[in-house]
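Chemist: Sequence and predicted model, in that order:
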Amino acid sequence: MRRIFRLSIFGLLIVFATQIAIGQISVGATLFEGGMKAFTEGRYGEAERLFRLVIVEVEKEAKEGNPLAPGLMSDTLNALAGALHGQGKFAEAEKILQEQIQLLEKARIKSDSDYSQTSAALNNLGLLYNEQKKYKEAEETHRRAIRLREKHDPPPRRNLAVSFVNLGKVFYDQGKSLEAEPFFREARAILFAIGESDATDEDVDTLLMISNNLALIAAERGEFKEAEYRYKEVISITEARKGRYHPDLIQYLNNYAKLLRQTKRVVAAKKIEIRAAAIEKRN
């Protein structure tokens, strides 16, 4: 059965804590906006060039005592890491994220929002480590992010849930499903506590991903009733939130059909597969 993890590094890497009025640093701000435009268009080389120019300008502002400079520097380092990652320059991206974390940790942290920037940078570095299969470093970094978010992530604690998911993924990618499961369940509990009326689309997507992977883990262990319950849950929530013909259903239905075949329920599996194929054809 296919493992599904939608929380890829670029789903989360460019998460800015931009609380600064970047318009007050005119040259750096203009270059930063140009870099972000290039980044969103997939022109990572151009984005890298512009972000490096921003760093030069912000360093000048910092020497002149501009209080806004450190905030823009942090965001620019984060963005530069994203541009480097987009080009496959993982070692350089790793170095830049480490530099961002050092900058944030040296700053005078006064509020939960300041801790939020540091934990976001740690989260991104952990994702980068995991992508490179540096599992020990990834685990340590995500645990650091979790410690900060447990203390400072405000309700409903979405960021903490993300950190639990990412730490679980570190273990799951190594085939350590037993170690991964508790972290997925922690994340799931946080997201369920938000409530249907307050849940964002991103909350729902993350919850579905978690439940799907809990189903995969249960199936791997031969806990077929638990796996079936989770698959039905995923399918039901997807239908309720996104409609009966949403393309996300294709993978969920196929995973469920594989479970049915695994438990010798071939006729039921064929019906599910036919439905998945119909949705795929419709989309």
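Modeler: Yep, it's here.
Chemist: Run through the stretch 51-200 of the chain and note the low-pLDDT ranges.
Modeler: 108-113 (pLDDT under 70).
Chemist: What segments of the stretch 51-200 of the chain are strands?
Modeler: With DSSP state E, counting those that start in this stretch, there are no strands along the stretch 51-200 of the chain.
Chemist: which element is residue 230 on?
Modeler: helix 224-242 (DSSP states H and E).
Chemist: following that helix, which helix or strand comes up?
Modeler: helix 248-262.
Chemist: hmm, back to that, between helix 248-262 and the helix holding residue 230, find me the angle.
Modeler: For helix 224-242 against helix 248-262, the angle by axes from the mean of the first three to the mean of the last three C-alpha atoms, to 10 degrees is 160 degrees.
Chemist: who's in contact with helix 224-242?
Modeler: For helix 224-242, the surrounding residues in contact (C-beta atoms under 8 Å, 6 or more residues apart in numbering) are 201, 204, 207-208, 211-212, 214-216, 218-219, 246, 248-249, 252-253, 255-256, 259, 262-263. Every residue, glycine included, has its C-beta placed from N, CA and C.
Chemist: Could you pull up the mean pLDDT of it?
Modeler: What helix 224-242 shows for mean pLDDT is 97.
Chemist: if you skip the residues just before and after it, what's nearest to residue 36?
Modeler: The shortest distance from residue 36 to any residue other than its chain neighbours is 6.7 Å, reached at residue 79 (C-beta to C-beta, 6 or more residues apart in numbering).
Chemist: Check the contact between the one you found and residue 32; I expect there is one.
Modeler: Yes. Here residue 79 reaches residue 32: they are 7.4 Å apart, a contact under C-beta atoms under 8 Å.
Chemist: Could you tell me which residues touch both of these two?
Modeler: In contact with both residue 79 and residue 32: residue 51, using C-beta under 8 Å, 6+ apart.
Chemist: thinking again about what came up before, kindly supply the PyMOL command isolating those of the contacts of helix 224-242 that are buried.
Modeler: Buried subset of those, written as a PyMOL selection, criterion 16 or more other C-beta atoms under 10 Å:
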select buried, resi 204+207+208+211+212+214+215+216+218+219+248+249+252+253+255+256+259+263
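Chemist: got the contact list for the host helix or strand of residue 218?
Modeler: Assessed by DSSP H and E, residue 218 sits inside helix 201-220. With contacts defined as C-beta under 8 Å, 6+ apart, helix 201-220 is touched by 1, 3-7, 158, 161-162, 165, 168, 172, 177, 180-181, 184-185, 187-188, 191-192, 194, 199, 224, 226-228, 230-231, 233-234, 237-238, 241, 248, 251-252, 255, 259, 262.
Chemist: How about the contacts made by the residue nearest to residue 253 when sequence neighbours are not counted?
Modeler: Closest residue to residue 253 apart from its sequence neighbours, by C-beta to C-beta, 6+ apart: residue 276 at 3.9 Å. Counting by C-beta under 8 Å, 6+ apart, residue 276 touches 249-250, 253-254, 257.
Chemist: from what I can see residue 146 touches residue 163, true?
Modeler: Yes. Using C-beta under 8 Å, residue 146 is in contact with residue 163, at 4.7 Å.
Chemist: of the two, who's got more company?
Modeler: The neighbour count for residue 146 versus residue 163, taken as other C-beta atoms under 10 Å, is higher for residue 163 (29 against 23).
Chemist: Verify the contact between the more buried one and residue 142 for me.
Modeler: Yes. Between residue 163 and residue 142 there is a contact at 5.9 Å, judged by C-beta under 8 Å.
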